[in-house]
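Student: Make a model of this:
(one chain, ligands or ions: 1)
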Amino acid sequence: MTAAHGTGDFTGLGALVTGGASGIGAAVATLLLARGAQVAVLDRDTASAPAGTLALKADVTDDDAVRAAVDAAAAEFGALHTVVSNAGIGAIGTVTDNDDAEWLRVIDINVLGMVRTARHALPHLRRAAADRPGHVSITQTCSIAATAGLPQRALYSASKGAVYSLTLAMAADHVREGIRVNCVNPGTADTPWVGRLLDQASDPAAERAALEARQPTGRLVGADEVAAAVVYLASPAAAAVTGTAVAVDGGMQGLRLRPA
Ligand code: NAD
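Tutor: Numbering: from 1, shown residues only. Just a heads-up that it's a prediction; the model follows:
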């Protein structure tokens, strides 16, 4: 029996979820809480952080604020074992649609936000890894856009491609320290973010129906379904899993369905 006998009990572990006040991050924070973890939510808007979490208002573009929030979580919980780097924003358009300022703004949040979170979490994670082998990890929210070639998503896809490469490089750098690094690749997940996009359409209900029809499963992915994969990757059941991506996309990337 190895450390993989763990069933996902996070009792006594400290966790930090960025972007944890909404959508996928909130689902992850809620599930980690239910599994017994102490959970901090780092978000630029903490108004709807799940009850029972330690809400830490910070923007991932602010290095000092990220450091302060990460340190505060570790101090509150006595240790930090689980980091879920999830804060991110969308961007629509081809390369001719977004100027340099917009590229830098999105990369600052989606890529450097995860770099900053990892940079400040790693000293805490190294200490935790010495005590709880197999329990210490960073899981980053990437996207199928990292590898799928989606239209109208040049900037977003490039940012998530960087997150995917970063995941692999960090996994290599920290594997011998007992810190695992993985990512999840959601497809189209039913979160407030997607709700906001649909609301911009002239007929949001029709747009939602069309979006669902494009999914192999005929429905959007639930934020709780993405959270289940994140919590698996953070658990000792995944003690042998590092440097990989788990797609939770309703078959969007892997399947080639014939038209009905
Ligand atoms: P969401 O908008 O519902 O939640 C995102 C959260 O991140 C919000 O609470 C927001 O306040 C926070 N956030 C955004 N920018 C921040 C910043 N600069 N500093 C701190 N917090 C910030 O979105 P979601 O759909 O739950 O997306 C979460 C992650 O999942 C993102 O990284 C996104 O790219 C990824 N993703 C989402 C989908 C999808 O279809 N919803 C698909 C693939 C990947």
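Student: Please count neighbours and contacts with C-alpha atoms only from this point.
Tutor: Noted.
Student: And stretch 197-204, what's buried?
Tutor: Leu198 (16 or more other C-alpha atoms under 10 Å).
Student: I meant stretch 240-253, not that one.
Tutor: Buried residues in stretch 240-253, defined by neighbour count with 16+ other C-alpha under 10 Å: Val241, Thr242, Gly243, Thr244, Ala245, Val246, Ala247, Val248, Asp249, Gly250, Met252, Gln253.
Student: again, but for stretch 155-168
Tutor: Using 16+ other C-alpha under 10 Å as the test for burial, stretch 155-168 gives 155-164, 166-168.
Student: Quick check, pLDDT for Ala228.
Tutor: Confidence at Ala228, expressed as pLDDT, is 97.
Student: what does the helix or strand hosting it rub up against?
Tutor: For Ala228, the host element (DSSP states H and E) is helix 223-234. With contact meaning C-alpha atoms under 8 Å, 6 or more residues apart in numbering, helix 223-234 is reached by 8, 23-25, 27-28, 31-32, 82, 84, 135-139, 182-184, 186, 189-191, 238, 241, 246, 248.
Student: what residues does this protein put near the ligand?
Tutor: Residues of the chain lying near the ligand by C-alpha under 6 Å from any ligand atom: 19-25, 43-45, 58-61, 86-90, 109, 141-143, 186-194.
Student: Which members of the residues you listed occur in helices, if any?
Tutor: Gly23, Ile24, Gly25, Pro192, Trp193, Val194 (DSSP state H).
Student: Would you mind checking these for buried ones?
Tutor: By 16+ other C-alpha under 10 Å, these give Gly23, Ile24, Gly25 as buried.
Student: nearest to Leu54, of these?
Tutor: Lowest distance from Leu54 to those (C-alpha to C-alpha) belongs to Gly25, with 13.6 Å.
Student: Let me know whether that closest one touches Leu16 as I believe.
Tutor: No: with contact defined as C-alpha atoms under 8 Å, Gly25 does not reach Leu16; the gap is 10.0 Å.
Student: No further questions, thank you.
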